[in-house]
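*Asks:* Starting from these lines, generate the structure:
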Amino acid sequence: MDEIAFGTDGWRATLDVFTTPRVRAVAQGTADYLAESGRAGETVAVGYDARATSRGFADAIADVLAANGHDVLLPERDCPTPLVAYGIVERDLAGALVVTASHNPPEYNGVKFIPDDGAPALPPVTEAIEANLRPAETDRDVERGRIEEADFATPHAAHARSLVDADLDGLSVVYDAMHGSGRGVTDALLESAGASVECLRCERDPEFGGTPPEPDAENLHDLEVAVREGDADLGIANDGDADRIAVVTPRGYLDENRFFAATYDYLLEDDAGPAVRTVSTSFLVDRVAEAHGETVFETPVGFKWVAQAMAEHDALIAGEESGGFSIRGHVREKDGVLMALLAAAAAAEAPYDDRVDRLREAFGEVHQSKVSIDCPDDRKAAVVDALADSLPDELAGVPVERVNDADGFKALLADGSWVLVRPSGTEPKMRVYAEAGSPERVEALLEAGRALVEPLV
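*Replies:* Next comes the predicted model:
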């Protein structure tokens with residue numbers, strides 16, 4: 001049980017650690033938590049992604065939950081995580097366990113619990129599940145629940161179409177599923193709104209074609225080529241479980257921060273409301289908000305904190321620089337399928353390249369990047385503690401005006417740039433982020449951040 005720990009978004013591990021007995025222990029801990037919460041015997045969903053082992057782990061979880069008296073709904077096939085999250089609310093379920101390692105390589109798998117509100121579980125919930133971890137009971141003195149397959153795609157698609165007014169007739173989109181669970185789902189949603197869709201990597205491949213299903217610029221070269229050579233209006237990619245989105249325009253990969261700011265600006269054309277962003281996300285979002293008389297609320301990294309702030313502030317849009325977003329009226333879980341429809345709706349009215357150009361003209365150049373530094377999980381806390389005693393008064397020649405320690409350390413500099421150092425919640429790494437007015441300045445700040453962290457690891 002000591003090997004099981006819920007991080008930023010559930011428990012993930014390599015398959016030598018992520019074993020059936022431990023997965024069954026998570027299911028038992030969840031069943032015990034639900035019983036303590038007054039939800040004993042209520043229906044629970046169990047979702048899973050396209051990895052080779054995921055359906056087997058999902059079946060094992062379903063077996064334990066059924067043995068504890070819960071009826072269980074399984075998707076008919078591997079399924080985007082956000083479809084399961086919406087299904088919880090739409091079907092009034094007690095919650096869901098989802099087997100996924102998201103963007104991690106195929107040698108990983110993971111599991112996370114989503115409570116009855118469809119939003120990521122907060123620490124009191126995951127801590128309660130961890131406290132209940134124990135070998136699974138399959139011979140309990142309760143009536144065994146039923147295990148059935150259910151359609152999670154159709155209700156989600158109907159909800160997405162009702163939430164996003166999208167007339168995509170004449171819009172050409174290239175969709176890259178990265179061999180993940182978005183295939184046949186995101187592309188079908190876009191087509192239902194009238195888009196012409198060309199598909200890339202829309203066949204299930206548990207090895208993801210040898211590339212981790214991480215929709216970043218490095219992994220989306222073929223999508224960029226397809227958009228450019230096919231004269232498409234837009235390229236869209238999802239990660240392995242389709243809770244994140246990446247966008248490619250005729251110019252190439254669109255940085256997630258610019259996508260966030262441009263999409264928020266689009267929503268503000270006909271609506272109003274604040275935005276929520278993580279501490280690692282661009283101040284460009286704040287500039288858009290200020291121009292419209294709106295406010296931005298900052299959270300630690302992790303969509304559970306984003307979701308909590310969405311509820312507190314009735315946010316119009318919320319997101320993070322890694323490509324996870326949700327909008328008002330939807331479940332407070334990141335949803336790359338819904339966001340694909342929203343991105344296409346925005347692009348149908350005005351190309352994202354034009355939208356980004358308008359932001360640049362209004363607010364100037366804003367650039368951001370990040371680097372990762374290998375760091376064992378058991379060293380992360382010590383590195384953060386050591387940073388508290390070693391933060392300099394200036395970075396790359398610019399004075400530090402103040403430090404935000406809500407998640408690691410974010411040094412805000414006198415010229416408006418910033419550097420953030422924080423531990424990854426999903427990998428054995430420290431992250432260093434930087435934002436400034438030029439790519440050269442960003443690189444200088446990243447090097448300064450790296451020089452701070454590496455001697456401490």
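*Asks:* When you work out contacts or count neighbours from here on, use the C-alpha atoms and nothing else.
*Replies:* Will do.
*Asks:* Quick one, grab the pLDDT at the residue of the chain most remote from its centre.
*Replies:* The C-alpha centroid of the chain is most remote from Asp141, which lies 39.0 Å away (Cα atoms, centre = their mean). Asp141 carries a pLDDT score of 79 in this model.
*Asks:* Just to confirm, what's the three-state secondary structure of it?
*Replies:* Going by DSSP: H, G, I helix; E, B strand; the rest coil, the secondary structure assigned to Asp141 is coil.
*Asks:* Strands of the stretch 101-250 of the chain, start to end?
*Replies:* 108-114, 147-150, 172-176, 196-200, 234-238, 245-249 (DSSP state E, counting those that start in this stretch).
*Asks:* Looking at the ones you listed, spot the one closest to Ala160.
*Replies:* strand 245-249 (15.2 Å; Cα to Cα).
*Asks:* List the strands paired with the helix or strand following the closest one, with their directions.
*Replies:* Moving toward the C-terminus from strand 245-249, the next helix or strand (DSSP states H and E) is strand 252-254. Each strand that pairs with strand 252-254, with its direction, by DSSP bridges: strand 245-249 (antiparallel).
*Asks:* picking up where we left off before, let's have the strands of the stretch 101-250 of the chain in TSV, adding mean neighbour count, mean pLDDT and distance to Arg332.
*Replies:* Written out in TSV, the entries for the strands of the stretch 101-250 of the chain read as follows (neighbours: other Cα atoms under 10 Å; pLDDT from 0 to 100; distance: least, Cα to Cα, whole Å):
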stretch	mean neighbour count	mean pLDDT	distance to Arg332
strand 108-114	25	97	11
strand 147-150	15	98	22
strand 172-176	26	98	24
strand 196-200	18	98	28
strand 234-238	30	98	18
strand 245-249	27	98	16
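*Asks:* any chance of those in a markdown table, with distance to Gly425 too?
*Replies:* Shown next, in a markdown table, are the strands of the stretch 101-250 of the chain (distance: least, Cα to Cα, whole Å):
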| stretch | distance to Gly425 |
| --- | --- |
| strand 108-114 | 13 |
| strand 147-150 | 32 |
| strand 172-176 | 26 |
| strand 196-200 | 30 |
| strand 234-238 | 20 |
| strand 245-249 | 19 |
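*Asks:* Pro21: which of these is closest?
*Replies:* Across the strands of the stretch 101-250 of the chain, Pro21 has its closest neighbour in strand 108-114 (13.2 Å, Cα to Cα).
*Asks:* what about the stretch 1-150 of the chain, any weak spots by pLDDT?
*Replies:* Low-confidence regions of the stretch 1-150 of the chain, defined here as pLDDT under 70, cover residues 8.
*Asks:* try it again with 90
*Replies:* 1-10, 137-142 (pLDDT under 90).
*Asks:* could you show me where the helices are in it, in order?
*Replies:* Taking DSSP state H, counting those that start in this stretch to define them, one finds helices in the stretch 1-150 of the chain at 20-36, 54-67, 81-90, 123-131.
*Asks:* Deepest in the core, which of the ones you listed is it.
*Replies:* helix 81-90 (a mean of 26; mean count of other Cα atoms under 10 Å).
*Asks:* Show me what it is packed against.
*Replies:* Using 3 or more Cα pairs under 8 Å, 6 or more residues apart in numbering; DSSP states H and E, the elements in contact with helix 81-90 are strand 44-48, strand 96-99, helix 153-163.
*Asks:* centre of the chain versus the last one, how much separation?
*Replies:* Spelled out, it's helix 153-163. Going by Cα atoms, centre = their mean, to the nearest Å, the spacing between the C-alpha centre of helix 153-163 and its chain's C-alpha centre is 19 Å.
*Asks:* That helix: which residues count as buried?
*Replies:* 153, 156-157, 160-161, 163 (16 or more other Cα atoms under 10 Å).
*Asks:* With stretch 382-391 instead?
*Replies:* Going through stretch 382-391 with 16+ other Cα under 10 Å, the ones that come out buried are 383-384, 387.
*Asks:* and what of stretch 305-321?
*Replies:* Residues of stretch 305-321 classed as buried by neighbour count (16+ other Cα under 10 Å): 305-310, 314-321.
*Asks:* OK, contacts around Leu171?
*Replies:* 194-196, 232-233, 344, 348 (Cα atoms under 8 Å, 6 or more residues apart in numbering).
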